[in-house]
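[1] sequence first, predicted model second:
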Amino acid sequence: MPSDVITVENLTKSYGDTLAVDAISFAAPRGATVALLGGNGAGKTTTIAMLLGLLVPTAGSIRILGHDMAHDRFAALARMNFSSPYVALPQRLSVAENLRIYGHLYNVARIERRIAELADELDLNELLDRPAGQLSAGQKTRVALAKSLINRPELLLLDEPTASLDPDSGDLVRSWLERYRAESGCTILLASHNMAEVERLCSTVLMLKRGRIVDQGTPDELLTRYGRDDLEAVFLDIARNRTTAFAHGTAV
Amino acid sequence: MSPVIVSGRRVWGLVYRHLALYRRSWPRLLELAYWPTLQLCIWGFTASFFAARLGAASGPSGMAAAALGMLLGGVLLWEVAVRSQMGVAISFLEEIWSRNLGHVFVSPLRPWELVAALLSVSVLRMLAGVLPAVLLAWLLYAFNLFALGPVLVLFAINLIAMGWWVALGVVSLILRHGAGAEALAWSVLFALTPFSCVFYPVRILPAAVRPIALALPSAHVFEGMRAAISGGVTRWDELGWAFLLNGVWMCAAVVLFMRQFHAARVRGALLAIGE
């Protein structure tokens, strides 16, 4: 069994003359939490869409859990899952009905028991019979997380998992993700604009700019390399070309 | 677990999604039966009026009853095609409207399983829409569609199949042009009504447009229906043509759908299909 859950090599996506992702390569080992950081249009969403099989790369390769996404994506998709505040669940259906649907789509054994487990873990018991459209932003995020965990994924892709959450709800989600990763050994890849979240959760940070990985490392390595106290300052240095780090060859 | 059972569970997952939706939305349920029933009432009373005039002019004969039967049979059977087509297209649109398509497409659901689920939902929607109208035709006009006998099943299969391939074409256009093409879900089959010869024989059409009618399975089905109602004859030649044409059109629609699905993945359209 390969040790890397995600292996991306020279991944490229272009739309006509526009290069959205430019020959990026990275790997995510089992149990790691990897962040994709970058400004708007840096290529984070495009990269995640290609990892999910929603988007066909122009060039390069993706292997997830040993499966080549170009030829065998459904085998990988059965073992991974995804959550994003920008993709909704059917609003009229109850939380339990939504989870049941995805339980069937992911061929989950003993769906009702799994729903009960997730309801206990994510404090959803009082929400199970409520329509998904009547939930608060925080509740929706917890339900979306429950949906993304219905198949006990070995790889979890999260697009801005705490966007639009108040600090308390955001902290609860982050704590839960930390605990889940530690207990399950799941690999997490997340795109986020919340630098504190990335510092707290992630073992590796990939800094994207104009479709390229311009730097990568652990949060501590990046802070040291850029001589900064927090990732937000590092992010701004890269976004505004205020650094010489990658000119000196330390960047990828 | 066998791959067939796993596939079946995924198809059932999407079917369950739509059943749950209808259970919670009575306007959607009402809408299923609303148009077929309305159509039946309008055409039924119109046909009754003409049948009464025809009967009065020519004395009691089977001609008036046959004319009524042809009109009502046409209305009911055409609704089978229309509801089947709309069942597929609107079920797909439901995923777009609920912004759920992203979750569906990143699940292990294969494209053909998505199609199988949409087709299954369309059959349920068609039955929920057409059966009340069939019952009403019997109650109001003493017209029993089932009196056509077993051949009715063959007519229905052909019209359902036609609804499906037209719907796959519509879904392909939605994949290509986004939700902006959603108006086609309601209108496209109505554009084929004149060429389907629902209420009149193909020979009535101008010679120039007859080839269009003969390329549609529905025109052959309705020729067969009229022969069955007026003379109790089963036109196997017409049924044969209907099955053959449906096979050809269905293959073309599946190829178009698979190509558009792949093209949508290349363009990134699956990410923004609701826009």
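    Noted; the coordinates are in hand. Residues are numbered from 1 along each chain as shown, chains lettered A, B, ... in the order given.

[2] wouldn't B:H262 be in contact with A:V56 here?
    Yes: judged on CB atoms under 8 Å, B:H262 makes contact with A:V56 at a distance of 7.4 Å. Where you see a C-beta, it was placed from the backbone N, CA and C, and this is true even at glycine.

[3] which residue lies nearest the spatial centre of chain B?
    Among the residues of chain B, B:A81 comes closest to the average C-alpha position under CA atoms, centre = their mean, at 2.1 Å.

[4] which of the helices or strands spans whichever residue of the stretch 1-150 of chain B sits closest to chain A?
    In the stretch 1-150 of chain B, the residue that lies nearest chain A is B:G13 (2.9 Å; CB to the nearest CB). Assessed by DSSP states H and E, B:G13 sits inside helix B:3-23.

[5] next secondary structure after that helix?
    helix B:26-58.

[6] so is that next one next to chain A?
    No: using CB under 8 Å from any CB of the partner chain, helix B:26-58 stays clear of chain A, coming no nearer than 9.2 Å.

[7] could you say what helices and strands the helix or strand hosting A:A116 packs with?
    Taking DSSP H and E as the criterion, A:A116 maps to helix A:111-121. On a contact count with 3 or more CB pairs under 8 Å, 6 or more residues apart in numbering or on different chains; DSSP states H and E, helix A:111-121 meets helix A:95-105, helix A:137-149.

[8] what are the buried residues along stretch A:106-124?
    For stretch A:106-124, the neighbour count (16 or more other CB atoms under 10 Å in any protein chain shown) marks A:106-108, A:111, A:114-115, A:118-119, A:122, A:124 as buried.

[9] meant to ask about stretch B:6-26, not that
    B:6-7, B:9-18, B:20-22.

[10] before we move on, the earlier item: could you dump the helix holding A:A116 to PDB, C-alpha only?
    C-alpha atoms of helix A:111-121 as PDB (Å, rounded to 0.1, in the frame of the first residue of the first chain):
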ATOM      1  CA  ILE A 111     -26.500   3.400   7.500                       C
ATOM      2  CA  GLU A 112     -28.800   4.200  10.400                       C
ATOM      3  CA  ARG A 113     -26.200   3.200  13.000                       C
ATOM      4  CA  ARG A 114     -23.600   5.400  11.200                       C
ATOM      5  CA  ILE A 115     -26.000   8.300  11.200                       C
ATOM      6  CA  ALA A 116     -26.600   7.800  14.900                       C
ATOM      7  CA  GLU A 117     -22.800   7.800  15.500                       C
ATOM      8  CA  LEU A 118     -22.300  11.000  13.500                       C
ATOM      9  CA  ALA A 119     -25.200  12.600  15.200                       C
ATOM     10  CA  ASP A 120     -23.700  11.800  18.600                       C
ATOM     11  CA  GLU A 121     -20.200  13.000  17.600                       C
END
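
[11] apart from its neighbours in sequence, what residue is nearest A:E232?
    Take A:E232 and drop its neighbours on the chain: the residue closest to it by CB to CB, 6 or more residues apart in numbering or on different chains is A:M195, 4.1 Å away.

[12] ok, B:H262 and A:V56, which is more surrounded?
    A:V56 (17 against 13; other CB atoms under 10 Å in any protein chain shown).

[13] surely that one is in a helix?
    No: according to DSSP: H, G, I helix; E, B strand; the rest coil, A:V56 belongs to no helix; its state is coil.

[14] what sits against it?
    Counting by CB atoms under 8 Å, 6 or more residues apart in numbering or on different chains, A:V56 makes contact with A:50, B:262, B:265-266.

[15] please name every helix or strand in contact with the helix or strand bottoming out on mean pLDDT in chain B.
    When each helix and strand of chain B is scored by mean pLDDT, DSSP states H and E, helix B:26-58 comes last, with a mean of 84. Judged by 3+ CB pairs under 8 Å, 6+ apart, helix B:26-58 is in contact with helix B:3-23, helix B:62-97, helix B:111-141.

[16] try it again at 6 Å.
    helix B:62-97, helix B:111-141 (3 or more CB pairs under 6 Å, 6 or more residues apart in numbering or on different chains; DSSP states H and E).

[17] show me what from the stretch 1-150 of chain B comes close to chain A.
    Residues of the stretch 1-150 of chain B lying close to chain A by CB under 6 Å from any CB of the partner chain are B:6, B:9-10, B:12-13, B:17, B:20-21, B:24, B:98-100, B:102-103, B:105-109.

[18] now with 7 Å?
    B:6, B:9-10, B:12-13, B:16-17, B:20-21, B:24-25, B:98-100, B:102-103, B:105-110 (CB under 7 Å from any CB of the partner chain).

[19] and the nearest residue to B:L148 once chain neighbours are set aside, how many neighbours?
    Once flanking residues are discounted, B:L148 sits nearest to B:A228: 5.4 Å by CB to CB, 6+ apart. Residues within reach of B:A228, counting by other CB under 10 Å, total 22.
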